[in-house]
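Undergrad: sequence unknown, structure follows:
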């Protein structure tokens, strides 16, 4: 309990720092009356949405919690509710701080006309979300560990049924992660729908039907779009990464415990003359290690963010400042990580014991996995940048081909998206092989965790983006000085670029996390009385193959549902917005349209369409498992992962390239084909197609596979007991 | 040798029947001078293309043949060359007969104005391709078997190196299949590029740039489009299905032989008191069975096609006639299949021996797999029809959403494509599970073979489509009476619908075939000296996982290459066509444009871009294998299959829905949004995007995974010997 206790101190420090930032932000000046009014609408719209959403989520959470503790493990309800509560709290606080920070960022730009000063405000707002993701994710996990402990032989059971083979400790860890998953799933699905229905419908109204500038406040859907940025890019992103972060901690612990009970490992330990006591000590350290790593990463983020914030004068190159923050956080985390491995695993005579856990090169093995994971993450970010930025060939070509019309834009965008998949996946594959070779399955889980152990900093930078975006929107809608918009545009552009690296980490870590979860799943299937009759996910087994192809198809189906829901909602919202615009005086700017009606409509649509896709991820492993057994579910998880990883990259990158190709044309880079030309119209079509891809489907696929895997992990023993 | 010998008689009968049809077709009247001239251009264009293409393929074939016999197995060069020769012969004969039949179909419609009479000509032309696919595919295989025999213990070796563990019999079977694969791969890649570059560029010229009707002969690219139909839909399709057909026969035999050598099977046989002699007899029958099944299927096709052709008077409902042909062939095949199983496996006391091969229900087991396979195939066809025909909701909705502009069409089409994946895959999954449960891995291979054992009939119907399409094009280009075009349009529409069922079988059987090939691959990896140290494709192994995600990404990359190549070629061709059209007199119809230049350009583009993607499929397993070993390759095969199946369905169905949504609008079904409106233009965009998807990428994905799997099978022992 020493390690979790110490880490609790770092968590507490982070929370204090966050509160201090929060108070500081609130104290800042909001600006003109117009700005105050608009910010108020955004804030209250966001709050209303979140309130309604979380009320619905709460019902689902309570039902699942009851089922868990009645049938599976008594205490699982507590950990499950704790997980969902932590995730929800992050979302609520993140949205609150972002909706305070957006208008204040705008105002700071207005008052100071200084880029550096403006960056400070946006980053301060972003850091609240970022640090809370890491701090609260850890807080819940530490509470679960400290209150109940983690034991390899803790026997679990529900109030009603007692299923042989359930380990209470693992069940709590896995249900804590499941709680986080659930909230993230709902958030991503609802958030994507909300923001893109609003965005697409306002694009249709402004660009296609009425020829108005972007973010024009006469279009009522624009305000829903501003709110949507907060709903999806703040709340959705925070809960998504919180879930990844927690899932990798959970997977690392589950693998440590399962391996400890594995007869092959036990036999290997005996053959190497490693005593039972030594193995027990090692187990404790293997369980403590992810907490230590995560805690030290949080410390690294505090240092990185703190340094940038307490800097007297920030330069006018925001890109440099943000990069510096990331690198300091990542660097500190890596250095701390080395010492963490040294402290935990370098004891005298430990090399032999470590070999039982497949550590090839002693204590340094998990750290090497970390290095590989982080390098892969950075490289994926750079590749993303290459395929989606106007500085490089692919997006420029996409812009140029727009002169040939819509069909070419779409087909070329599809090709760019598909082409961009290979390199990131090769890197993930290499890092997986490397980690597996150096440090076994525990190493793969550790690599995933390491990519996420400075998640506080990456989410802070991620959150910077939508805050700057909103600030720009407010500047436009409130008709502030064009200088202000220039500053916020610059921030927005930088946010887009840094987001590429964040995206690299999100996709890379999701791939690693899911692989760890699949490994943990197999080990969970072979727990307790099933130790003597282990299953494998062998693809010459017809059950596994069938599961595999079905899993892949489910990813496509899930994508289709989200896409259909979004365009349906967008159509409805465009028509309603059009009605508002047709009211006399609105188009002339004399009368304000009914913003609230549009905001409520967006929320209603999003919430109505949230339930089915979200619940799908929960019930697939259950139905599949009870119908065809654990091997079939194993196949589903593998199949879904193999399809979802390239699809997520495809969606993100083709969407990003479409978006920026449009901007490339708007910048006037292609002579004779600027704004308003046929080529521009074709590029706008591409951008609209890309909107759904990158902000609805792409971001939801990760969480879809992770949620399925977490459910499967929770229910592995249950399904095997019932169905074999 | 009794069974192959008997089947040789059926093959000979089929070839005689084909020759008779060929002579008959040639004797028919070609029509007006214009028609004769145009048909001549198409025929010579197609011939030139095939000649140049096969010259390039021949070089690759010879190189590979030399490598095979020097390093792996002496006789493999013969079987490999035989495979590629059979496949090439089918393509050449198929294209020849189709380019004779197209103009004669047109002329028959002109002369008789009878739908029934016209159908007869087109079907007669199609049956030449269809029957040759099955007859020549079998002929080569039977020759390989009869000349060299198939023995479980035949030791192989190359002229230079002798790698321990190579079975010469299996190597010949696998390289025969590889020869077919190679030709199919090149054909699909080049054919798709040829036909769609021509099609898209003529669409751009006719519909977007110059507002002319489809198939207008003033557009020079139109002729290349006519030729392209033959290149892709006849030669490409024939070689593709020939490959599937041969690969499933090969996989069934390989599984039979490998299992015979498997220590677990041997031990099981001993435990069941099945003598070695009995096992040997069974092995011979397991090897003969696929040949018997395929031969009896060919007989079924002869009956089905013969009945329709010798019918005195064909009704004016071509859809009914074609369906009847398919059902008679399928029904006869199923009935014959039952007797085949009865004859081969119902001997006294055979039940125990069959159990060793996982036959749960005695001799009837493989037949039940056949029933499941065929039912799945039909059901997939019906589902395809549902998602892509204007008679049902999805395509109608897609047509209606075109009123909202291009972005909505594309997004909705994407959603339809993704949504259409689930049901077919569930059916494939269920059929796989059923076959596996009833009849083990041999059953899965048998189910695949059964879906393809009346391939003669399905390809005949498939080939009917492009012949009718070409006939319509000729009618339009030669300004025949509009009545003629009405008849050919009707035939074309029917061809599209029946093609749906053919597509269902193609996708379903490809999925089954690849699964069988993966099973065979693992067994090939564990052959000879590796029997004692078998590998599995277990997805908790980091090498397998890494291979899996890389395999998935490779499918995306392959798709991107084909897409990029097509739009690049289309752009070039559109510009060249535009230049021709701008020549004075061409647009007015007074001067004919330079067709040959356009035809040559299409061929040049297609051939230039053929090599890299085709060779990719060949070298991936080699590079992957020598770099990271057989497990990694196993992962690649699984990953590629799991991604390619849903992607192929997505591409085919979204493309089909786009195509028909456009036709739906053109039919005037949506009031106020007919031809020439903004909605129609949006639908045309969708159609153009869909062209590349369905006719270039979608059809090539199957062959991509099958080629990789066949290469892996051929090299399994080699890689394991070198790399472990």
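TA: Happy to help now that I have it. None of these values were measured; they are calculated from a predicted model.

Undergrad: my read: residue A:289 touches residue A:337, true?
TA: No: using Cβ atoms under 8 Å, residue A:289 makes no contact with residue A:337, being 9.9 Å away. Every C-beta, even on glycine, is put in place using the N, C-alpha and C of the backbone.

Undergrad: mind listing the strands for the stretch 551-700 of chain A?
TA: Under the criterion DSSP state E, counting those that start in this stretch, the stretch 551-700 of chain A contains no strands.

Undergrad: which positions in it make contact with chain B?
TA: Residues of the stretch 551-700 of chain A lying near chain B by Cβ under 8 Å from any Cβ of the partner chain: A:551-557, A:559-561, A:563-564, A:566-567, A:571, A:574, A:628, A:634, A:638-639, A:641-643, A:645-646, A:650, A:682, A:684-686, A:688-689, A:692.

Undergrad: hey, what's in contact with both of residue A:289 and residue A:337?
TA: Shared contacts of residue A:289 and residue A:337 (Cβ atoms under 8 Å, 6 or more residues apart in numbering or on different chains): none.

Undergrad: got a pLDDT number for the residue of the stretch 201-350 of chain A found nearest chain B?
TA: Across the stretch 201-350 of chain A, the shortest distance to chain B (Cβ to the nearest Cβ) belongs to residue A:208, at 6.2 Å. pLDDT recorded at residue A:208 is 72.

Undergrad: can you tell me the residue of the stretch 1-150 of chain A closest to chain B?
TA: For the stretch 1-150 of chain A, Cβ to the nearest Cβ, closest residue to chain B: residue A:150, 22.2 Å.

Undergrad: can I take it that that residue is in a strand?
TA: No: looking at residue A:150 with DSSP: H, G, I helix; E, B strand; the rest coil, it is coil, so not inside a strand.

Undergrad: quick check: closest non-adjacent residue to it.
TA: Excluding the flanking residues, the one nearest residue A:150 by Cβ to Cβ, 6 or more residues apart in numbering or on different chains is residue A:169, at 4.4 Å.

Undergrad: what does residue A:557 give?
TA: Nearest one to residue A:557, counting by Cβ to Cβ, 6+ apart, is residue B:422 at 4.4 Å.

Undergrad: so which bits of the stretch 351-500 of chain A are right by chain B?
TA: Contact residues (Cβ under 8 Å from any Cβ) of the stretch 351-500 of chain A with chain B: A:401, A:404-408, A:410-412, A:414-419, A:421-422, A:424-426, A:428-430, A:432-433, A:435-437, A:441, A:444.

Undergrad: switch the cut-off to 6 Å
TA: A:406-407, A:410-411, A:415, A:418-419, A:421-422, A:425, A:429, A:432-433, A:436 (Cβ under 6 Å from any Cβ of the partner chain).

Undergrad: kindly reformat those as TSV containing secondary structure and neighbour count.
TA: Output for those, formatted as TSV (DSSP: H, G, I helix; E, B strand; the rest coil; neighbours: other Cβ atoms under 10 Å in any protein chain shown):
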residue	secondary structure	neighbour count
A:406	helix	29
A:407	helix	29
A:410	helix	29
A:411	helix	26
A:415	helix	28
A:418	helix	27
A:419	helix	22
A:421	coil	28
A:422	helix	19
A:425	helix	28
A:429	helix	27
A:432	helix	29
A:433	helix	20
A:436	helix	25
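
Undergrad: dump these to TSV, plus pLDDT and distance to residue B:667.
TA: Below are these laid out as TSV (pLDDT from 0 to 100; distance: Cβ to Cβ, whole Å):
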residue	pLDDT	distance to residue B:667
A:406	92	22
A:407	93	21
A:410	96	24
A:411	96	26
A:415	97	32
A:418	96	33
A:419	96	37
A:421	95	38
A:422	96	42
A:425	95	43
A:429	94	49
A:432	92	52
A:433	93	55
A:436	92	57
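
Undergrad: and those residues, which two are furthest apart?
TA: By the measure Cβ to Cβ, A:406 and A:436 form the most distant pair in those, at 45.0 Å.

Undergrad: and the residue of the stretch 51-200 of chain A found nearest chain B, what does it touch?
TA: Using Cβ to the nearest Cβ, the single residue of the stretch 51-200 of chain A nearest to chain B is residue A:200, 7.8 Å away. Taking Cβ atoms under 6 Å, 6 or more residues apart in numbering or on different chains as the criterion, residue A:200 is in contact with A:570, A:688, A:691.

Undergrad: ok, of these, which one's closest to residue A:178?
TA: Using Cβ to Cβ, the contacts of residue A:200 come closest to residue A:178 at residue A:691, 30.5 Å.

Undergrad: is it true that the closest one touches residue A:198?
TA: No: under the criterion of Cβ atoms under 6 Å, residue A:691 makes no contact with residue A:198, lying 10.5 Å away.

Undergrad: who has more neighbours, the two?
TA: Neighbours per residue (other Cβ atoms under 10 Å in any protein chain shown) separate residue A:691 from residue A:198, with residue A:198 holding more: 33 against 24.

Undergrad: pLDDT score for that one?
TA: pLDDT, residue A:198: 90.

Undergrad: I'd guessed residue A:637 sits against residue A:709; true?
TA: Yes: assessed by Cβ under 6 Å, residue A:637 is found in contact with residue A:709 at 5.4 Å.

Undergrad: low-confidence regions, chain A specifically.
TA: Low-confidence segments of chain A (pLDDT under 70): A:348-349, A:496-497, A:499-500, A:724.

Undergrad: picking that back up, for the residue of the stretch 201-350 of chain A closest to chain B, which non-adjacent residue is closest in space?
TA: In space, residue A:208 is closest to residue B:405, 6.2 Å off (Cβ to Cβ, 6+ apart).

Undergrad: got phi/psi on that neighbour?
TA: Torsion angles at residue B:405 (phi, psi; degrees, to the nearest 10) stand at phi 110, psi 170.
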